[in-house]
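K.L.:
structure, please.
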Amino acid sequence: MMFILSMIVVGLIAGALARLLVPGRDPMGVFMTILLGIAGSFLGGLISSLIWHPKNGNYIHPAGIVLSIIGAIVLLLLWRMVHPRHA
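P.N.:
Predicted coordinates for the structure are as follows:
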């Protein structure tokens, strides 16, 4: 239960910081921001495992907050490329 709660909190923080650091408006609510941060955490973990090879063979794992934010920024930029805004 604590793992799920911590993933939600880290996801919210990482997703909110990613949206704050990348300029522009994104029409997503709190739930999508949490999902962005959680997905960014796993992408950051994948990036870290490609840079620093894991010892136990686990290639997908949650990352720390810095790599979670970097992963969320990458996903947010990919989201904007796939779904361009029409203004």
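
K.L.:
from now on I want contacts and neighbour counts done on CA atoms only, so please keep to that.
P.N.:
Fine.

K.L.:
show me which positions of the longest helix belonging to the chain end up buried.
P.N.:
Selection of the longest helix in the chain by residue count, based on DSSP state H, yields helix 30-51. Within helix 30-51, the residues that count as buried by 16 or more other CA atoms under 10 Å are 33-49.

K.L.:
which residues are contacting it?
P.N.:
With contacts defined as CA atoms under 8 Å, 6 or more residues apart in numbering, helix 30-51 is touched by 7-16, 18, 59-65, 67-76.

K.L.:
tell me which of the residues you listed fall in helices.
P.N.:
Among the contacts of helix 30-51, the residues falling in helices (DSSP H) are 7-16, 18, 65, 67-76.

K.L.:
quick one: buried ones out of those?
P.N.:
Buried members of the ones in helices among the contacts of helix 30-51, scored by 16+ other CA under 10 Å, are 7-8, 10-16, 18, 65, 67-76.

K.L.:
so what pLDDT did the most centrally placed residue in the chain get?
P.N.:
Note on the chain: the residue nearest the mean C-alpha position is Gly40, at 1.7 Å, using CA atoms, centre = their mean. On pLDDT, Gly40 comes in at 90.
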